[in-house]
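Peer 1: this one's sequence-less:
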């Protein structure tokens with residue numbers, strides 16, 4: 001099983017990130033924070049979430065080594081498939097109304113979910 005450093009290095013390589021400056025700017029942290037993270041898992045949950053989003057990796061995988069590096073993508077695919085299945089039986093007008101309602105719900109929930 002890989003340790004934290006190996007998983008982080010793997011994720012950085014997969015995104016072709018060789019220098020930490022651009023990533024630090026994207027995450028809104030000092031470049032020295034990324035250097036610390038590369039030495040060990042001394043990272044806040046908020047920064048870990050941001051890092052996983054930037055690197056497109058599963059939070060569980062990066063922090064613990066459990067699961068698959070892209071497990072988060074499977075959840076998104078499941079949601080997409082479920083949405084299509086639910087909308088398939090609706091008329092075009094009703095499906096459009098349902099999509100508008102879902103978009104509105106996401107707009108309401110996104111700020112709450114992004115800032116716990």
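Peer 2: Sure thing, it's come through. Keep in mind the model is a prediction, meaning the values are calculated, not measured. Numbering: from 1, shown residues only.
Peer 1: pLDDT at the residue of the chain positioned farthest from its centre, what is it?
Peer 2: Computed with CA atoms, centre = their mean, the residue of the chain farthest from its C-alpha average is residue 91, at 33.2 Å. For residue 91, the model assigns a pLDDT of 82.
Peer 1: next: the one 10 residues further on.
Peer 2: Taken from the predicted model, the pLDDT recorded for residue 101 is 79.
Peer 1: now it: which helix or strand?
Peer 2: helix 92-114 (DSSP states H and E).
Peer 1: show me how far that helix is from its chain's centre.
Peer 2: Chain-centre distance of helix 92-114: 20 Å, with CA atoms, centre = their mean, to the nearest Å.
Peer 1: please, where are all the helices along the chain?
Peer 2: 4-14, 20-27, 31-39, 45-55, 59-64, 71-88, 92-114 (DSSP state H).
Peer 1: the last one vs helix 45-55, what angle?
Peer 2: When you say that, I think you mean helix 92-114. When axes from the mean of the first three to the mean of the last three CA atoms, to 10 degrees is applied, the directions of helix 92-114 and helix 45-55 differ by 130 degrees.
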